[in-house]
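Participant: Using only what follows, build the 3D model:
(2 chains)
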Amino acid sequence: KNQVEQSPQSLIILEGKNCTLQCNYTVSPFSNLRWYKQDTGRGPVSLTIMTFSENTKSNGRYTATLDADTKQSSLHITASQLSDSASYICVVSAENTGNQFYFGTGTSLTVIP
Amino acid sequence: KAGVTQTPRYLIKTRGQQVTLSCSPISGHRSVSWYQQTPGQGLQFLFEYFSETQRNKGNFPGRFSGRQFSNSRSEMNVSTLELGDSALYLCASSPWGSFSYNEQFFGPGTRLTVL
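Facilitator: Below is the predicted model of the structure:
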């Protein structure tokens, strides 16, 4: 069954600290993996998109990694800021007879001063 | 460059009614995709339109339909509304297609409440 699981479900960290969010998937055939940031009440914002041949991709303080062999991805946030408080969603797309997106349920991150 | 716009931002309907939501993509983008987001199910893909043709479709009943116009603006229609259709409806645009290796840009969403 095609699934995307994210952990932890929620996380609270101090401002300035680093954190890592996890995404495990069983989607096949794999096309690409995306990380989104979604502030409360707003649409998601794209952070990174990676294909199976990419191991690492950065976007400012956000760095995503992908291990296509173990079907795991992580999103590392460096020197967190209060504005990083949001939900982070991992999305995997499958490319077959009918393209489909498989969504994780997200990690809710709260950064406190 | 203007972002993705969605109208209306909020809607309240009653069961059995129908509703039409509108999405204007970023200028030059040919792909518009629609998503439903609820606290229980999270984000779910509804369908994608590219150059006025539905190109991909998620697992939603036929009550959910859409269309795209020649200027790439898109509308989504939900007929015979049910309580479970209450959700945030998001649209996203991209230059070459939602499933291609390119970034999707989301609008702010339309919050639909069905009473």
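Participant: I figured A:Trp35 was touching A:Ile89, is that so?
Facilitator: Yes. With contact defined as CB atoms under 8 Å, A:Trp35 reaches A:Ile89; the gap is 7.3 Å. Just so you know, the C-beta spots here come from the backbone N, C-alpha and C atoms, and that holds for glycine as well.
Participant: where does chain B have its least confident helix or strand?
Facilitator: strand B:53-57 (a mean of 91; mean pLDDT, DSSP states H and E).
Participant: Which strands and helices lie in contact with that one?
Facilitator: Under the contact definition 3 or more CB pairs under 8 Å, 6 or more residues apart in numbering or on different chains; DSSP states H and E, strand B:53-57 sits against strand B:42-50.
Participant: thinking again about what came up before, can you give me the buried ones in the following helix or strand past the least confident helix or strand of chain B?
Facilitator: Scanning the chain past strand B:53-57 towards its C-terminal end, the next helix or strand to appear is strand B:64-68 (assignment: DSSP states H and E). Along strand B:64-68, the positions that meet the burial threshold by neighbour count (16 or more other CB atoms under 10 Å in any protein chain shown) are B:Phe64, B:Ser65, B:Gly66, B:Gln68.
Participant: Is any residue of the helix or strand just after strand B:64-68 near chain A?
Facilitator: Proceeding C-terminally, strand B:64-68 gives way to strand B:74-78 as the next helix or strand, assigned by DSSP H and E. No. Counting by CB under 8 Å from any CB of the partner chain, chain A is not contacted by strand B:74-78; separation bottoms out at 14.7 Å.
Participant: by contact count, what packs against the next helix or strand after strand B:74-78?
Facilitator: Counting by DSSP H and E, the next helix or strand C-terminal to strand B:74-78 is strand B:87-94. Using 3+ CB pairs under 8 Å, 6+ apart as the contact criterion, the neighbours of strand B:87-94 among helices and strands are strand B:5-7, strand B:19-24, strand B:31-38, strand B:74-78, strand B:105-106, strand B:110-114.
Participant: Can you give the distance from stretch B:19-31 to the centre of its chain?
Facilitator: On the basis of CA atoms, centre = their mean, to the nearest Å, stretch B:19-31 is displaced by 8 Å from the centre of the chain it belongs to.
Participant: ugh, wrong one, stretch B:55-75
Facilitator: Centroid separation between stretch B:55-75 and its chain, computed with CA atoms, centre = their mean, is 7 Å.
Participant: got the residues of chain A near chain B?
Facilitator: Applying CB under 8 Å from any CB, one finds that chain A approaches chain B through A:31-32, A:34, A:42-46, A:49, A:51, A:89, A:91, A:93, A:95, A:98-101, A:103-106.
Participant: What residues does the closest residue to chain B within chain A make contact with?
Facilitator: For chain A and chain B, the shortest gap (CB to the nearest CB) falls at A:Gly43, measuring 3.3 Å. Each residue near A:Gly43 by CB atoms under 8 Å, 6 or more residues apart in numbering or on different chains is listed here: B:Val4, B:Leu90, B:Ala92, B:Phe106, B:Gly107, B:Pro108, B:Gly109.
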